[in-house]
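>>> prediction below, plus the sequence it came from.
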Amino acid sequence: MITEIIIYGLSLGSIYALVALGLVLIFRATEIVNFAQGEMMMVSAFVYFSLYSSGMGVFPAVVLTLLFAVVLGTVMNQLVSRPLIGKPIFASIMATIAISILFRSLVGIIWTHEDLYIDPSVSMILHDFGWFRMSPYQGLIITVALAMVVLLYLFLKYVKLGIGIKATAENPTAAELVGIPIKRVYLTVWIIASVISAVAGILIAPQSGLHTTMGTRLGLKAMPAAVLGGFGSIPGAIVGGITLGILESLAIVYLPTEVYDVFPWVVLILVLLIKPDGILGTPEVKRV
Amino acid sequence: MKSRYKDENLLWVPFLIGIILLLPLGMNTYFTYVFNLAGIAIIVAVGLDLLSGFTGLISLGHAAFMAVGAYTSAVLTTHFDWPFLGGVAAAGMMALITGVILGFPALRLSGLYLAIATMGFGVIVHRIILELDVWTGGSNGMAVSPPIFFGKRFIYDWQHYYVVFLMTILLVILARRISRTKIGRAFVAIRDSEEAAQASGINLAKYKIFAFAISAFYAGIAGALFAHTQRYITTDYFSILLSIQFLVMVIVGGVGSIYGAVLGALFITFLPEFIRVVKDFLPSDMAQFNDLQAISFGLVMLFFILFEPLGLYHRWQKIRIYWKLFPFNPRQKRFKKR
């Protein structure tokens, strides 16, 4: 029983971790807090739904959705990120909230505000593996999330542009001085974040159903996840996301049903009260 | 000694108040109703401006304070037979206490963390109200009595108008006064630099809690007025989106000016009415009203943040300076493209 709860938590946490990862990457490189991250996930999930139900196979639909995510990331970079770089954090919060409102109502006009369901194309039935039981669907979510994290790690560690992202995160001016093309860095970061959240959206859609509010219901929880791990820390986003997922699945079972919906936010406020830097974050030094 | 208000031209204030009081004579019921909503929005926006505009503490949970006020007054008048004014006062006090409670954890936070924490606070308050369904009716909402003065029930919109706007005028003047006192100046000092404010002897903790308390008090009063004029409240209304809306009113009007917050509240409340008119010229399948309203709201929000971050009030001041100097304006520098 307990292992099943933890495995469910792992699969849910992988989704939070992916969305939080996009959030933190953008924040590190551009100092913009993207409140529309969940909505980017939602839009990609709807695109996948349309492509998939038009009768093409799973694979082409996924590839086309990821291409769409690349375009979406580029557009966000050009229209939203560029004017906001260097502006106070208040402006970036409000502007990205505005974008999330626009996305929600545009999706409502193009598709619908009703619930849509999509069949998972992988079995969701629990299989017995001796000492634990999990479904192939959960296995898929965890494997894909792990693969994304490993790919991102390799990219940031060995590819020139990836190292450039880390340098820009440390100090944009110095990075520009040593010849790192920071505009391309910003673009790359937005594309990566958009693609990661598209993957999260495709993975979670069969379980959560498609709805215009899925960005607020699922994506917004990436905020507590990122804070739990230490906002601005990339490993922190993964640890925070998975911890939050497991805690939430334990809460669903052991706490009264009404509580688990607000549970991430209670965790968030506790973390901010006790250790605002999160699990893996470093304390922020303020210069006067 | 020169008085604090000497340099201000206050002659137009009585005229404005006169116009506000005469306005419902020439309006139909629907517009009176929209004006009532605007008055309530003005109260919240002015209170939020004291917190976000003056003190620089962002709050994405103001709808929750409003909900606390609305439900406090509704529960007290319905289940405990309190009088209307007692309910409103209790609503303000209850919201104030909630504000102080939120203020303490918020002392350590700023910027992004404060935004996320206040958002979480909003979600939690929402859930608590749903859980107290013995009193609040849970997700079904609850019916509320209309305002009652001396045994007379105020059920018409024009009667509500006077109740709402008397309160609005009082609270706006109060906010204006607060902004010119020691407290108001301390708020601005904290916004501009916490370190400098602390160095000049301002007790940061005290004044930040003050800011939260005052701001929550305003939202609480507005919530009570909302409950009694709408006469039916549900928790769905007090969502994160409403909190965002109040913040947008402050930004659109002009961060850090009381009159700006009033302008912003009017602008955002009347935006849907404007869209209702424009909608008729659009093809019918595109004109889903809610989505259209949300899109225009999002666009207005984005426009002001990117292009006019100081808001309408700032623009108005620029226009006023332009006409004051009129034929002798300094020439704008323009570069010719060659």
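Structure received. Numbers count the residues shown, from 1 in each chain, chains lettered A, B, ... in the order given.

>>> number of nearby residues for residue B:205?
Each residue near residue B:205 was counted by other C-beta atoms under 10 Å in any protein chain shown, and the total is 11. In this view, the C-beta of every residue, glycine as well, is placed from N, C-alpha and C.

>>> where does residue A:232 land in three-state SS?
The three-state assignment at residue A:232 reads coil, by DSSP: H, G, I helix; E, B strand; the rest coil.

>>> pretty sure it sits against residue A:26.
No: Residue A:232 lies out of contact with residue A:26 (C-beta atoms under 8 Å); the separation is 10.8 Å.

>>> and those two? Which one has more around it.
Using other C-beta under 10 Å, the more surrounded residue of residue A:232 and residue A:26 is residue A:26, with 26 against 22.

>>> distance of that one from residue A:96?
Distance of residue A:26 to residue A:96, given as C-beta to C-beta, to the nearest Å: 9 Å.

>>> common neighbours of the two, please.
By C-beta atoms under 8 Å, 6 or more residues apart in numbering or on different chains, residue A:26 and residue A:96 have these common neighbours: A:32, A:33, A:34.

>>> burial measure for residue B:191, as a count.
Neighbours around residue B:191, by other C-beta under 10 Å: 18.

>>> I'd assumed residue B:226 was in contact with residue B:73.
No: assessed by C-beta under 8 Å, residue B:73 is found out of contact with residue B:226, at 9.4 Å.

>>> more neighbours, those two?
With neighbours defined as other C-beta under 10 Å, residue B:73 and residue B:226 compare such that residue B:73 has more, 32 against 28.

>>> how much space between that one and chain A?
Counting by C-beta to the nearest C-beta, to the nearest Å, the gap from residue B:73 to chain A is 24 Å.

>>> tell me who's in contact with that residue.
B:87, B:88, B:90, B:91, B:144, B:223, B:224, B:227, B:228.

>>> widest-spaced pair of the residues you listed?
Using C-beta to C-beta, the two most remote members of the contacts of residue B:73 are B:90 and B:144, lying 13.8 Å apart.

>>> neighbour count: those two, which is higher?
Shown here are residue B:90 and residue B:144; by other C-beta under 10 Å, residue B:144 has more neighbours (23 against 20).

>>> now the more buried one: phi and psi?
Note on residue B:144: its backbone torsions stand at phi -120, psi 150 [degrees, to the nearest 10].

>>> check contacts around it.
By C-beta under 8 Å, 6+ apart, the contact set of residue B:144 is B:73, B:74, B:77, B:78, B:227, B:228, B:230, B:231, B:232, B:233.

>>> the fourth one and residue B:136 touch, don't they?
No: in this structure, residue B:78 sits apart from residue B:136 without contact. The criterion is C-beta under 8 Å, and the distance is 9.8 Å.

>>> any residues in contact with both of the two?
Common neighbours of residue B:78 and residue B:136, using C-beta under 8 Å, 6+ apart, are residue B:142.

>>> next one: phi and psi at residue A:181?
Main-chain torsions, residue A:181, degrees, to the nearest 10: phi -70, psi 90.

>>> ok, now residue A:127?
Main-chain dihedrals, residue A:127, degrees, to the nearest 10: phi -110, psi 150.

>>> now the helices for the stretch 101-250 of chain A?
Here the stretch 101-250 of chain A has its helices, by DSSP state H, counting those that start in this stretch, at A:136-158, A:160-170, A:172-177, A:182-208, A:214-217, A:222-229, A:234-254.

>>> most tightly packed of those helices?
Of all the helices of the stretch 101-250 of chain A, helix A:222-229 carries the top mean neighbour count, a mean of 30, counting by mean count of other C-beta atoms under 10 Å in any protein chain shown.

>>> now that helix: mean pLDDT?
Mean per-residue pLDDT for helix A:222-229: 88.

>>> for it, name the packing helices and strands.
The contact analysis (3 or more C-beta pairs under 8 Å, 6 or more residues apart in numbering or on different chains; DSSP states H and E) places helix A:222-229 against helix A:2-30, helix A:234-254, helix A:263-274, helix B:111-131.

>>> contact partners of that helix?
Defining contact as C-beta under 8 Å, 6+ apart, one finds that helix A:222-229 is touched by A:13, A:16-17, A:19-20, A:22-24, A:37-38, A:235-241, A:243-244, A:264-265, A:267-268, A:271-272, A:278-281, B:113, B:116, B:119-120.

>>> residues of the stretch 101-250 of chain A that sit close to chain B?
Contacts of the stretch 101-250 of chain A with chain B, taken as C-beta under 8 Å from any C-beta of the partner chain, map to A:101-102, A:104-106, A:108-109, A:216, A:220, A:223-224, A:227, A:231.

>>> just the closest of those residues to residue A:155, please.
Distance to residue A:155, by C-beta to C-beta, is smallest for residue A:231 among these, at 21.5 Å.

>>> buried sites along the lengthiest helix in chain B?
Assignment by DSSP state H gives helix B:204-230 as the longest helix of chain B. For helix B:204-230, the neighbour count (16 or more other C-beta atoms under 10 Å in any protein chain shown) marks B:207-230 as buried.

>>> can you pull the poorly scored residue ranges out of the chain?
This is for chain A. Scanning chain A for pLDDT under 70 picks out A:283-288.

>>> other chain: chain B
Looking at chain B by pLDDT under 70, you get B:1-9, B:283-288, B:330-338.

>>> which other helices and strands does the longest helix of chain B contact?
Applying 3+ C-beta pairs under 8 Å, 6+ apart, one finds that helix B:204-230 contacts helix B:29-48, helix B:62-79, helix B:84-106, helix B:157-180, helix B:182-192, helix B:194-199.

>>> what parts of the stretch 201-338 of chain B come near chain A?
So far as C-beta under 8 Å from any C-beta goes, the stretch 201-338 of chain B lies against chain A at B:240-241, B:244, B:247-248, B:251, B:286, B:288, B:290-292, B:294-295, B:297-299, B:301-302, B:305-306, B:309.

>>> which of the residues you listed fall in helices?
B:240-241, B:244, B:247-248, B:251, B:290-292, B:294-295, B:297-299, B:301-302, B:305-306.

>>> residues contacting residue A:17?
Residue A:17 is in contact with A:145, A:149, A:225, A:237, A:238, A:240, A:241, A:242, A:245, counting by C-beta under 8 Å, 6+ apart.
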